[in-house]
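S.K.: prediction below, plus the sequence it came from.
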Amino acid sequence: QVQLVESGGGSVQAGGSLRLSCAASGGTFSSYTMGWFRQAPGKEREFVAVIMRSGGSTNYADSVKGRFTISRDNAKNTVYLQMNSLKPEDTAVYFCAADHNPFRSATPTRALYYDYWGQGTQVTVSS
(Lines give C-alpha, C1' and ligand atoms only; values in the text may rest on other atoms or scores of the structure.)
Protein backbone atom coordinates (compact mmCIF):
# COMPACT_ATOMS: atom_id res chain seq x y z
CA GLN A 1 0.00 0.00 0.00
CA VAL A 2 1.44 3.32 -1.06
CA GLN A 3 1.06 6.32 1.20
CA LEU A 4 1.38 9.86 -0.13
CA VAL A 5 1.80 12.92 2.06
CA GLU A 6 1.70 16.42 0.61
CA SER A 7 3.26 19.48 2.18
CA GLY A 8 4.22 23.03 1.29
CA GLY A 9 0.80 24.58 0.88
CA GLY A 10 -0.07 27.94 2.36
CA SER A 11 -1.28 31.44 1.66
CA VAL A 12 0.48 33.75 -0.78
CA GLN A 13 -0.27 36.91 -2.66
CA ALA A 14 -0.84 36.93 -6.40
CA GLY A 15 2.45 36.76 -8.27
CA GLY A 16 4.11 34.79 -5.51
CA SER A 17 5.50 31.28 -5.48
CA LEU A 18 5.07 28.05 -3.55
CA ARG A 19 6.72 24.67 -3.79
CA LEU A 20 4.64 21.63 -2.98
CA SER A 21 6.18 18.32 -2.03
CA CYS A 22 4.70 14.85 -1.97
CA ALA A 23 6.55 12.15 -0.07
CA ALA A 24 5.77 8.54 -0.91
CA SER A 25 6.22 5.45 1.22
CA GLY A 26 5.24 1.80 1.09
CA GLY A 27 6.05 1.13 -2.53
CA THR A 28 8.68 1.40 -5.24
CA PHE A 29 8.45 5.09 -6.00
CA SER A 30 10.42 4.92 -9.22
CA SER A 31 7.81 2.58 -10.71
CA TYR A 32 4.97 5.09 -10.34
CA THR A 33 3.85 7.81 -12.67
CA MET A 34 3.10 10.78 -10.41
CA GLY A 35 0.50 13.45 -10.90
CA TRP A 36 -0.79 16.61 -9.26
CA PHE A 37 -4.46 17.51 -9.24
CA ARG A 38 -6.40 20.29 -7.58
CA GLN A 39 -9.93 20.92 -6.42
CA ALA A 40 -11.45 24.30 -5.74
CA PRO A 41 -14.62 24.72 -3.66
CA GLY A 42 -17.67 23.73 -5.64
CA LYS A 43 -15.62 22.44 -8.56
CA GLU A 44 -14.51 19.05 -9.78
CA ARG A 45 -10.99 17.80 -9.26
CA GLU A 46 -8.83 18.82 -12.20
CA PHE A 47 -5.52 17.72 -13.61
CA VAL A 48 -2.53 19.99 -13.05
CA ALA A 49 0.66 18.16 -13.99
CA VAL A 50 2.15 14.70 -14.42
CA ILE A 51 5.61 13.22 -14.61
CA MET A 52 6.44 9.75 -15.88
CA ARG A 53 8.44 7.15 -13.93
CA SER A 54 11.87 8.14 -15.18
CA GLY A 55 11.10 11.83 -15.08
CA GLY A 56 11.72 12.12 -18.80
CA SER A 57 8.16 13.04 -19.81
CA THR A 58 5.90 15.65 -18.30
CA ASN A 59 2.55 17.18 -19.16
CA TYR A 60 0.68 20.21 -17.85
CA ALA A 61 -2.78 21.65 -17.88
CA ASP A 62 -3.00 24.63 -20.21
CA SER A 63 -3.92 26.86 -17.27
CA VAL A 64 -0.55 26.28 -15.56
CA LYS A 65 1.85 25.87 -18.49
CA GLY A 66 4.82 28.18 -18.19
CA ARG A 67 4.12 28.85 -14.50
CA PHE A 68 4.26 25.43 -12.81
CA THR A 69 7.02 22.83 -12.99
CA ILE A 70 6.72 19.22 -11.87
CA SER A 71 9.83 17.27 -10.93
CA ARG A 72 10.74 14.17 -8.98
CA ASP A 73 13.64 12.82 -6.97
CA ASN A 74 13.42 9.03 -7.04
CA ALA A 75 16.22 8.77 -4.47
CA LYS A 76 14.08 10.75 -2.01
CA ASN A 77 10.75 9.18 -3.03
CA THR A 78 9.40 12.67 -3.56
CA VAL A 79 7.61 14.57 -6.30
CA TYR A 80 7.51 18.36 -6.37
CA LEU A 81 5.35 21.06 -7.88
CA GLN A 82 7.01 24.44 -8.20
CA MET A 83 4.33 27.07 -8.64
CA ASN A 84 5.33 30.54 -9.82
CA SER A 85 3.32 33.61 -10.81
CA LEU A 86 0.41 32.35 -8.77
CA LYS A 87 -3.06 33.68 -9.49
CA PRO A 88 -6.19 33.79 -7.32
CA GLU A 89 -7.72 31.15 -9.59
CA ASP A 90 -4.98 28.75 -8.51
CA THR A 91 -6.60 28.62 -5.06
CA ALA A 92 -7.52 25.00 -4.34
CA VAL A 93 -6.64 21.90 -2.41
CA TYR A 94 -3.75 20.23 -4.22
CA PHE A 95 -3.45 16.46 -4.30
CA CYS A 96 -0.65 14.23 -5.46
CA ALA A 97 -1.46 10.84 -6.92
CA ALA A 98 0.37 7.72 -8.06
CA ASP A 99 -0.34 5.57 -11.12
CA HIS A 100 1.07 2.05 -10.84
CA ASN A 101 0.37 0.89 -14.38
CA PRO A 102 3.76 -0.26 -15.73
CA PHE A 103 2.42 -0.27 -19.28
CA ARG A 104 1.33 3.35 -19.33
CA SER A 105 3.03 4.98 -22.28
CA ALA A 106 1.24 8.30 -22.43
CA THR A 107 1.05 10.79 -19.56
CA PRO A 108 -2.23 10.15 -17.71
CA THR A 109 -4.29 13.28 -17.18
CA ARG A 110 -7.50 11.73 -15.87
CA ALA A 111 -7.99 11.03 -12.18
CA LEU A 112 -9.41 7.56 -12.83
CA TYR A 113 -5.97 6.32 -13.95
CA TYR A 114 -4.44 6.93 -10.52
CA ASP A 115 -4.39 4.27 -7.83
CA TYR A 116 -3.24 6.17 -4.76
CA TRP A 117 -3.95 9.66 -3.46
CA GLY A 118 -2.64 11.94 -0.76
CA GLN A 119 -4.82 13.87 1.66
CA GLY A 120 -4.22 17.21 -0.03
CA THR A 121 -2.67 20.53 0.91
CA GLN A 122 -4.42 23.90 0.75
CA VAL A 123 -3.09 26.65 -1.49
CA THR A 124 -4.68 30.07 -1.16
CA VAL A 125 -3.72 32.95 -3.45
CA SER A 126 -5.01 36.40 -2.58
CA SER A 127 -5.30 39.31 -4.99
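M.R.: Arrived safely.
S.K.: please name the nearest non-neighbouring residue to the residue nearest to the spatial centre of the chain.
M.R.: With the centre of the chain defined as its mean C-alpha position, the nearest residue by CA atoms, centre = their mean is residue 36, 2.0 Å away. With CB to CB, 6 or more residues apart in numbering as the criterion, residue 36 has its nearest non-adjacent residue at 4.3 Å, and that residue is residue 48. Where C-beta positions appear, they are placed from N, C-alpha and C, glycine not excepted.
S.K.: my read is that that neighbour contacts residue 61, right?
M.R.: Yes. Counting by CB atoms under 8 Å, residue 61 is a contact partner of residue 48 at 5.5 Å.
S.K.: comparing those two, which residue is more hemmed in?
M.R.: Regarding residue 48 and residue 61, a neighbour count based on other CB atoms under 10 Å identifies residue 48 as having more, with 25 against 16.
S.K.: where's that one, which helix or strand?
M.R.: Here residue 48 sits within strand 46-51, counting by DSSP states H and E.
S.K.: immediately after that strand, which helix or strand?
M.R.: The element immediately downstream of strand 46-51 (helix or strand, assigned by DSSP H and E) is strand 58-60.
S.K.: immediately after that next one, which helix or strand?
M.R.: Downstream of strand 58-60, the next assigned helix or strand under DSSP H and E is strand 68-73.
S.K.: which elements pack onto the following helix or strand past that following strand?
M.R.: Stepping forward along the backbone from strand 68-73, the first helix or strand reached (DSSP H and E) is strand 78-83. Contact partners of strand 78-83 among helices and strands, from 3 or more CB pairs under 8 Å, 6 or more residues apart in numbering; DSSP states H and E: strand 18-25, strand 33-39, strand 46-51, strand 68-73, strand 92-99.
S.K.: tabulate those strands (JSON lines), appending distance to residue 120 and mean pLDDT.
M.R.: What follows is the helices and strands packed on strand 78-83, written out as JSON lines (distance: least, CB to CB, whole Å; pLDDT from 0 to 100):
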{"stretch": "strand 18-25", "distance to residue 120": "10", "mean pLDDT": "98"}
{"stretch": "strand 33-39", "distance to residue 120": "8", "mean pLDDT": "97"}
{"stretch": "strand 46-51", "distance to residue 120": "12", "mean pLDDT": "98"}
{"stretch": "strand 68-73", "distance to residue 120": "17", "mean pLDDT": "97"}
{"stretch": "strand 92-99", "distance to residue 120": "4", "mean pLDDT": "98"}
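S.K.: if anything else comes up later, I'll come back, but that's it for now.
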